[in-house]
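> need the 3D shape of this:
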Amino acid sequence: MKRKSNEKLVTLARNLRKNMTKEERKLWYNFLSGYPVRFYRQKILGNYIADFYSSSANLVIELDGAQHYEDTGIINDHIRTEYLKEYNIQVIRIPNNEINNNFDGVCLYIDNIVKKNLEK
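The predicted model follows:
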C-alpha cells in the first residue's frame, strides 16, 4: 500500500476526525475508542480514507449514509472495497440506521469479526 502521504488527504482526514457524523461519534466514543484492539478513525489507506481501521484485525469499518445506496456511491464503494481486498483488508459496511436502531447488535457484530480475524 502506498505509504507516502497525500497532503490533501491528510488535511481532509484531519477535518473528518474533527467533524465526525453523529453515528461515527457514537460508535467511536461508546465502543471503538475503548475496545481492546486498537482502531484508528479516518485513517488514510492508499488513496482512500477509512472511517475506522484496525491494522491488527485487518479490518475497515465504514458507516454508510444514504449517499452510499445511490448508483455512484455503490460503484465507488465497490472500487474501494476491491482495492483494500488487494491488501488483505476486510471491509464491513454498516448503515447509519443500524447504529441508531441496533447499536448493541452492531457492537457484537464488530466484536465477532475482530475476534475471527485475529484467529487467522
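
> tell me which element the residue nearest the centre of the chain falls in.
For the chain, the residue nearest the mean C-alpha position is I61 (2.8 Å; Cα atoms, centre = their mean). Element membership for I61 (DSSP states H and E) is strand 59-64.

> quick check: buried residues in the helix or strand bottoming out on mean pLDDT in the chain?
One helix or strand of the chain scores below all others by mean pLDDT, DSSP states H and E: helix 71-85, with a mean of 85. Neighbour-count burial for helix 71-85, counted by 16 or more other Cβ atoms under 10 Å, picks out D77, R80, T81, Y83, L84. In short, each C-beta sits where N, CA and C put it, glycine included.

> apart from its neighbours in sequence, what residue is nearest the last one?
Closest residue in space to L84, ignoring its immediate chain neighbours: V91 at 5.5 Å, by Cβ to Cβ, 6 or more residues apart in numbering.

> wait, the one you found touches I79, no?
No. Checked against Cβ atoms under 8 Å, the pair V91 and I79 is beyond contact range at 11.4 Å.

> tell me the angle the strand holding I61 makes with helix 71-85.
Angle between the axes of strand 59-64 and helix 71-85 is 170 degrees (criterion: axes from the mean of the first three to the mean of the last three Cα atoms, to 10 degrees).

> which residues does the following helix or strand past the least confident helix or strand of the chain contact?
As assigned by DSSP H and E, the chain's next helix or strand after helix 71-85 is strand 90-95. The contact list for strand 90-95, computed with Cβ atoms under 8 Å, 6 or more residues apart in numbering, reads 58-64, 68, 77, 80-81, 84-85, 106, 109-110, 113, 117.

> likewise stretch 72-85?
So stretch 72-85 is in contact with 45-48, 50, 60, 62, 64, 67-68, 90-91, 93, going by Cβ under 8 Å, 6+ apart.
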